[in-house]
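Q: sequence plus predicted model, see below.
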Amino acid sequence: MGLYSTVMEAVAAYTGLSPAAFFTILAMMVVMYKIVCGMFVDPENHGASASKAVDLAASFRPPAEPVQLGNVTEEQLRSYDGSDPTKPLLMAIKGQIYDVSPGRMFYGPGGPYAMFAGRDASRALALMSFDPKDLTGNMEGLNESELEVLQDWEYKFMEKYVKVGQLAPIPNQIYNAEPKVKSSQPVMAVGDQHDQ
Ligand code: HEM
Ligand SMILES: *[C@@H]1O[C@H](CO)[C@@H](O)[C@H](O)[C@H]1NC(C)=O
Ligand SMILES: *[C@@H]1O[C@H](CO)[C@@H](O)[C@H](O)[C@H]1NC(C)=O
């Protein structure tokens, strides 16, 4: 094997390494190269990385104009929670549905308020609550100050987002509740003396 021994001699002469050490180092460099390349593009599947780039481009394209939907059921509203990137992000307050797509960083998947998307979040907003049981349009039993908080949220949404429809009224669901005065209840908060 003249060629084999010539290569081994050349390796030893040029690198000062034994052929075994040289090929071990060479193999490690190839592995490192593959790992580093894999961080940037998937070497197995350039098609997939190309479609990832398209997804990225899609997420940066100018937002679609809000589409008016009219009456929507709660179930229909659920499908606008951001899980389908081709659909707008919708959220309701007091049964009024807003296109909150411009607030995708708030309400989109992984956003801090993603749980509100596709829902009427009236109760959660009124109570400033992230409790899943408050993720409803039911405003029953909210007191005056809680309704005031909700009103402020509604004004903010009216100002910031486009209204695109309303939830079809559901029997037994109170959207315009009269404030319930809980005067017979003791004041729980410590240091809340200014409360009449
Ligand atoms: C832990 C305390 C909280 C902090 C530090 C916080 C912080 C923030 C900040 C910095 C913004 C962005 C404001 C803007 O740029 O317009 C924001 C927006 C918002 N927050 Fe909070 N927040 C808190 C609690 C809550 C709670 C309890 C709720 C309701 C249950 C809530 C609901 C919202 C909503 C709906 C928006 C988005 C409004 C929009 O679409 O522009 N936040 N919050
Ligand atoms: C929505 O429903 C209400 C009553 O349920 C009805 O009066 C109204 O015309 C409907 N609006 C649309 C846009 O369908
Ligand atoms: C409404 O309820 C909240 C929480 O229970 C309480 O802190 C607040 O003082 C109440 N406000 C009024 C006006 O009753």
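A: Nice, thanks for sending it over. On a predicted model such as this, the values are computed, not experimentally measured, just so you know. Ligands and ions are numbered 1, 2, ... in the order given.
Q: which bits of the protein sit near ligand 2?
A: Neighbours of ligand 2 within the chain, by CB under 6 Å from any ligand atom: 70-71, 168-169. Every residue, glycine included, has its C-beta placed from N, CA and C.
Q: among those, pick out the one closest to ligand 3, please.
A: Distance to ligand 3, by CB to the nearest ligand atom, is smallest for Pro169 among the residues of the chain next to ligand 2, at 26.2 Å.
Q: how many neighbours does that closest one have?
A: 9 (other CB atoms under 10 Å).
Q: get me the contact residues on this protein for ligand 1.
A: Looking at ligand 1, the residues of the chain close enough under CB under 6 Å from any ligand atom are 103, 106, 113, 124-125, 128-130, 160.
Q: drop anything exposed from the residues you listed.
A: Those of the residues of the chain next to ligand 1 that meet the buried threshold are 103, 113, 124-125, by 16 or more other CB atoms under 10 Å.
Q: okay, and which of the residues you listed map to strands?
A: Judged by DSSP state E, strands contain none of these.
Q: among the residues you listed, which are located in helices?
A: Within those, residues falling in helices by DSSP state H are 124-125.
Q: switch the buried ones among the residues of the chain next to ligand 1 over to JSON lines; also include pLDDT.
A: Shown next, in JSON lines, are these (pLDDT from 0 to 100):
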{"residue": "Gly103", "pLDDT": "97"}
{"residue": "Tyr113", "pLDDT": "98"}
{"residue": "Ala124", "pLDDT": "98"}
{"residue": "Leu125", "pLDDT": "98"}
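Q: picking up where we left off before, would you turn the residues of the chain next to ligand 1 into JSON lines with distance to Glu146?
A: As requested, the residues of the chain next to ligand 1 are exported to JSON lines (distance: CB to CB, whole Å):
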{"residue": "Gly103", "distance to Glu146": "23"}
{"residue": "Phe106", "distance to Glu146": "22"}
{"residue": "Tyr113", "distance to Glu146": "18"}
{"residue": "Ala124", "distance to Glu146": "11"}
{"residue": "Leu125", "distance to Glu146": "9"}
{"residue": "Met128", "distance to Glu146": "9"}
{"residue": "Ser129", "distance to Glu146": "10"}
{"residue": "Phe130", "distance to Glu146": "15"}
{"residue": "Lys160", "distance to Glu146": "21"}
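Q: out of those residues, flag the one nearest to Ala64.
A: Gly103 (14.4 Å; CB to CB).
Q: would you map the helices across the protein?
A: 2-15, 19-40, 46-60, 74-78, 104-107, 122-127, 144-160.
Q: count the neighbours of the nearest residue to Ala126 once chain neighbours are set aside for me.
A: Spatial nearest neighbour of Ala126, chain neighbours left out: Leu150 (3.8 Å); criterion: CB to CB, 6 or more residues apart in numbering. Residues contacting Leu150 under the criterion other CB under 10 Å number 22.
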